[in-house]
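Engineer: Next come a sequence and a model predicted from it.
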Amino acid sequence: MMNSGRDAIILSAIVIGLVIHGLMYAVQPATMAEMFPTRMRYSGVSLGYQVTAIVAGSLAPIIAVRLLETYKSAVPIAWYLAGAAAVSAVSALAAARRKASTSPTSTSPTPALRPITTTRLSGIRTDPSRPSLSKALSSLDQH
């Protein structure tokens with residue numbers, strides 16, 4: 001598309017690429033956050049994101065330039081990107097299987113999904129699993 005020299009085709013290639021790019025980045029934060037327990041989520045996501053950006057982000061342009069110089073065509077670059085997409089697809093499937101195999105079989109709510117109640121005291125939301133806070137607020141509510 002880029003070799004065509006026609007502005008409309010080049011613009012459509014860029015727009016299509018940006019749409020696909022947006023679809024990829026839309027699910028990435030939630031997916032990466034689910035890969036780590038809460039205690040180490042920030043470090044795990046940050047390390048994975050930054051190391052990947054360094055390794056893939058620094059080598060991809062160098063590889064693309066070398067392929068273009070060697071073959072005098074953009075087709076090998078497209079094959080390189082297709083290979084990278086295949087690695088990403090396999091990784092995403094492996095992560096989905098890992099999540100499915102480690103998800104709890106119990107029907108009890110996780111701590112993040114426990115019900116939250118509202119007291120009459122200014123609509124303060126309290127977590128029933130924290131009795132000290134609930135007790136203090138309910139005693140204030142009774143006065």
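Structural biologist: Happy to help now that I have it.

Engineer: mind listing what's buried in the host helix or strand of Ile62?
Structural biologist: Assigned by DSSP states H and E, Ile62 falls within helix 41-71. Burial within helix 41-71, assessed by neighbour count using 16 or more other C-beta atoms under 10 Å, is assigned to Val45, Leu67. (Each C-beta comes from the backbone N, C-alpha and C, glycine too.)

Engineer: tell me which residues in whichever helix or strand comes after it are buried?
Structural biologist: Downstream of helix 41-71, the next assigned helix or strand under DSSP H and E is helix 75-102. For helix 75-102, a neighbour-count test (16+ other C-beta under 10 Å) marks Pro76, Ile77 as buried.

Engineer: Just name the shakiest helix or strand of this structure by mean pLDDT.
Structural biologist: When each helix and strand of the chain is scored by mean pLDDT, DSSP states H and E, strand 117-118 comes last, with a mean of 50.

Engineer: mind giving me the domain ranges of the chain?
Structural biologist: 2-102, 116-142 (automatic domain parsing).

Engineer: Worst mean pLDDT among these?
Structural biologist: Mean pLDDT is lowest for domain 116-142 among the domains of the chain, at a mean of 55.

Engineer: tell me the angle of the helix holding Ile62 relative to helix 75-102?
Structural biologist: If you take axes from the mean of the first three to the mean of the last three C-alpha atoms, to 10 degrees, helix 41-71 sits at 160 degrees to helix 75-102.

Engineer: Can you give me the buried ones in stretch 29-38?
Structural biologist: Met32.

Engineer: what sits up against it?
Structural biologist: By C-beta atoms under 8 Å, 6 or more residues apart in numbering, the surrounding residues in contact with stretch 29-38 are Arg41, Ser43, Gly44, Val45, Gly48, Tyr49, Ala92, Ala95, Lys99.

Engineer: Which two among those are spaced furthest apart?
Structural biologist: Ser43 and Ala92 (21.8 Å; C-beta to C-beta).

Engineer: Please tell me how far Thr70 sits from Tyr80.
Structural biologist: 12 Å (C-beta to C-beta, to the nearest Å).

Engineer: Same question for Ala89.
Structural biologist: 15 Å.
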